[in-house]
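>>> Sequence and predicted structure, then a few things I'm wondering about:
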Amino acid sequence: APAPKTPEELRKKLKVGPLPKVTVKPIAIVPHFRIWNPKGKRQEASPPEQSGFFKDITLPYQAKPSSLGKKAWISEYKLAAPKVQRLMDRINQAAIKDTFNDLGCDGYGDPNSGLGKVILAIETSQKACIEMQKVAATLQKFPMTFAD
């Protein structure tokens, strides 16, 4: 038998009834953007640092995942950005003053102690900061201002 040439012929050959009526409706897609606040909420399984360089800081891997729409993201960004910048400045100053040299090297590659934890914290903080800057650049149509 020859191959069906039209969808109608194919339906007849397969003994499939007529297709249901399709109604085309527009949908609204609302993008959401991730944000990190060093003083924000943390996951329940991540207790805050009790001492050390990152005392009372919620690191990106400890933060409760937060994705916000444009307006909510901009509002939260105005609160979070100065805190992120202060943390980046503290990390920079500590590196310049070489205050990280007092940290013990755990020797086992354990990211939860000594130098390993600090490296992980710095790398993830810097990555989250860069991601926030990219989102801000994407959303920014006019300069954002916020209190320091």
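That came in fine, so what should we check first?
>>> Could you use CA atoms for every contact and neighbour count after this?
OK.
>>> Please enumerate the strands of the protein.
33-34, 67-68 (DSSP state E).
>>> I'd like to know which of those lies nearest to I130.
The stretch from these with the least distance to I130 (CA to CA) is strand 33-34; that distance is 11.8 Å.
>>> Packing partners of that closest one?
In terms of contact count using 3 or more CA pairs under 8 Å, 6 or more residues apart in numbering; DSSP states H and E, strand 33-34 is assigned the packing partners strand 67-68.
>>> Paired strands for the strand it packs on, with orientation please.
Based on DSSP bridges, the strands next to strand 67-68 in the sheet, each with its direction, are strand 33-34 (antiparallel).
>>> Return the distance of the partner strand from the chain's centre.
Per CA atoms, centre = their mean, to the nearest Å, the displacement of strand 33-34 from the mean C-alpha position of its chain is 6 Å.
>>> The strands of the chain: which one's closest to A80?
Each of the strands of the chain was scored for nearness to A80 using CA to CA, and the closest is strand 33-34 (12.0 Å).
>>> CSV for the strands of the chain, including mean neighbour count and distance to F53?
Formatted as CSV, the entries for the strands of the chain read as follows, by neighbours: other CA atoms under 10 Å; distance: least, CA to CA, whole Å:
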stretch, mean neighbour count, distance to F53
strand 33-34, 16, 25
strand 67-68, 15, 27
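>>> between those strands, which one is nearest to L59?
Using CA to CA, the strands of the chain put strand 33-34 closest to L59, at 14.1 Å.
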